[in-house]
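**Q** Sequence and predicted structure below; questions after.
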Amino acid sequence: MEQRIVTFGEIMLRLTRPEKLRIIQGCTWDGYFGGSEANVAVSLAMLGNNVEYVTRLPDNKLGEACRNELRKYNVGTHFIVHGGIRLGSYFYEDAAAMRGSSIVYDRADSSMTTIQCGMINWANVFKDTSVFHWSGITCALSQSAADVTAEAVSEAEKQGMIISCDINYRKNLWKYGKSAHDILLPQAKKCDILFGTEGEWQLLTGVTPPKFTATSTDFTFDVQKYKEFFDKVKEMFPNCRKMILALRNALSANHHILCGVLWSNGNIYTAPIYNIDNVIDPMGVGDAFIAAYIHAMLHFGNDNQKSLNFALTASAIKNSIPGDFNLTTEEEIIDVYNS
């Protein structure tokens, strides 16, 4: 029986100036739909999975366009609810040379920010579902969005599903007076898979991971230090089966070094380093990573090394694709990491 995956979060309209213009420049915008959990859903669908994306959209033409975009990539939209007054958006400025990227969010009072417990029938959503994926971004939107996330995690736990979490800390979003650590930690403790960057793992656990300082593919990992880090962290998450640390060293706007470390059953796995010297669009790289890992976990058996290599390769490929979605197939990913 095919295993179904559900993801939950906010999808937005992303507006980017063309040709790396600054936000304050120009008169035209390139528009994409995107958002962490929607990005994961599209990636999973591109890889051939049965995936449902759950969100709340306004009942207007933008909401309709958003739903149509998801359907185009074969993402299930049966459990999307309608309500609220607007679709969230953000304005994105591409990095160039020594100039970093910049984001201006416009998502106050969006349909997802104003979501309330009881609006989604999670028992119905999760019927015949194997995996539930959520991220810390949804919890950052509002207390009510955090409460709905907790509602979903609780039901998924009750049904014995695999629960996947991307810590996904965005400092600029936590505005409603609660600590990200205090909100996220209780839900993360219920998860089977935890994924995050160095800073996100430190925020969630208070434990500092080893520093990733690679400037080329010749970098050598101190596996023992990573084992010590994860063994200490594991004490906080006794239910967690897989812990993943996404590693990136940005040497310049378009030159990134990418890698990943996986903890599984007390063992440490490191992936081959990718040296990407022509980054086209780094948005959604982490989402591509965790989506591909979930796919690999479900389809590649208990081959931890293959799963990590596959996930990192998917993440690396996303750097070459404009927009938030990783429009990449399993065959394309395997071809790259076998080359």
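**A** Here it is on my side, so go on. What you are looking at is a predicted structure, and each value in this text was computed from that prediction instead of being measured.
**Q** Which helix or which strand is home to the most centrally placed residue in the chain?
**A** Centrality entry for the chain: nearest residue to the mean C-alpha point is Asp287, 3.2 Å, by CA atoms, centre = their mean. In this assignment (DSSP states H and E), Asp287 forms part of helix 285-299.
**Q** before we move on, what about Gly199?
**A** Using DSSP H and E, Gly199 falls in helix 198-205.
**Q** quick check: angle from the helix or strand that that helix is followed by to helix 198-205?
**A** Downstream of helix 198-205, the next assigned helix or strand under DSSP H and E is helix 223-234. Our comparison of helix 223-234 with helix 198-205, counting by axes from the mean of the first three to the mean of the last three CA atoms, to 10 degrees, yields an angle of 40 degrees.
**Q** And the average pLDDT for the next helix or strand after helix 223-234 is what?
**A** Later in the chain than helix 223-234, the nearest helix or strand by DSSP H and E is strand 242-252. On average, the pLDDT along strand 242-252 is 96.
**Q** for stretch 86-102, same thing?
**A** 91.
**Q** what does that stretch rub up against?
**A** 10-17, 20-23, 29, 57-58, 60, 62-63, 66, 103-107, 109-113, 252-254, 281-283 (CB atoms under 8 Å, 6 or more residues apart in numbering). C-beta coordinates here come from the backbone N, C-alpha and C atoms, glycine included.
**Q** Now do the contacts for the residue lying closest to Gly34 once chain neighbours are set aside.
**A** The shortest distance from Gly34 to any non-neighbouring residue, by CB to CB, 6 or more residues apart in numbering, is to Asp324 (2.6 Å). Asp324 sits next to Arg14, Tyr32, Phe33, Gly34, Gly35, Ala38, Asn39, Met283, Gly284, Asp287 when contact means CB under 8 Å, 6+ apart.
**Q** again, but for Gly9
**A** Contacts of Gly9 by CB under 8 Å, 6+ apart are Gly35, Ser36, Glu37, Ala38, Thr55, Met112, Trp134, Ser135, Ile137, Thr138.
**Q** Much appreciated, bye for now.
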